[in-house]
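Kindly generate the corresponding structure for this input.
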Amino acid sequence: MIARASALCVVTALVSGCGFKLRTWDLAVAFETASISAASGVDLDRELARALRSAGVRVVEAEADVVLQLADQRNERRSVAVTSAGRTAEYELTLQVAFGVTDRDGQDLAATRLLRSERVARLDRDNIVGSSEEQALLGTEMRNDLVSQMLRTLGAIGSR
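Modelled structure (predicted):
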């Protein structure tokens, strides 16, 4: 018990001594307010708004420092591997969205570009529930990945 506690203290000291810290976004320095314009069929706006709020940016409906434009979201799934019986063994899941940033006057700060995230999901026919849960988890990871790409873009714009 004492050995575990001392080992934990040593690891904590080493990690804190090397400068390790979790990545956080402090975008409030560059942008006080942001507005999200999402086309119909795009549902990443909720996750993006939540991430902006946690980065210190107030999300408003109108008259914002920056306008984040989300368009053309696509979810795709295709078979990438099959079993010897010709049944699907793995799927490639793809989530993509067109993303652009303008200022309050409509000037492009980041030209609209396609953000994309991909994952491979294995299909276990003996555990269909587990396979569908894995696909749902991968979908959440891809959504978080796209939101992170958007925040990195905003961080780059804010540091100019």
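
what about Leu137, neighbour count?
12 (other Cβ atoms under 10 Å). (C-beta placed from N, C-alpha, C; glycine too.)

list the buried ones in the biggest helix by length in the chain?
Determined from DSSP state H, the single longest helix within the chain is helix 128-158. Judged by neighbour count using 16 or more other Cβ atoms under 10 Å, the buried positions of helix 128-158 are 131, 134-135, 138-139, 142-143, 145-147, 150-151, 153-154, 157-158.

Point out where this structure drops to low pLDDT.
Across the chain, the ranges flagged by pLDDT under 70 are 1-26, 28.

Could you confirm Ala85 falls within a helix?
No. Using DSSP: H, G, I helix; E, B strand; the rest coil, the assignment for Ala85 is coil, not a helix.

Could you report the distance from it to Arg125?
Ala85 sits 10 Å away from Arg125, going by Cβ to Cβ, to the nearest Å.

Just the buried residues of the helix or strand hosting Arg113, please?
Using DSSP states H and E, Arg113 maps to strand 108-122. For strand 108-122, burial by neighbour count (16+ other Cβ under 10 Å) applies to 109-110, 115, 117, 119, 121.

Mind putting the residues you listed into TSV with distance to Asn75?
Listed next are the buried residues of strand 108-122 as TSV, based on distance: Cβ to Cβ, whole Å:
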residue	distance to Asn75
Leu109	27
Ala110	23
Leu115	13
Ser117	11
Arg119	12
Ala121	13
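
and Ser79, what element?
Assigned by DSSP H and E, Ser79 falls in strand 66-82.

quick one, what contacts Phe99?
Contact partners of Phe99, counting by Cβ atoms under 8 Å, 6 or more residues apart in numbering, are 68-70, 110, 112-115, 146, 149-150, 153.

isn't there a strand covering it?
Yes. According to three-state DSSP, Phe99 belongs to a strand.

Could you measure from the nearest residue to Leu68 once chain neighbours are set aside over to Ala30?
Spatial nearest neighbour of Leu68, excluding adjacent residues (Cβ to Cβ, 6 or more residues apart in numbering): Ile36 at 5.0 Å. Relative to Ala30, Ile36 is positioned 17 Å away (Cβ to Cβ).
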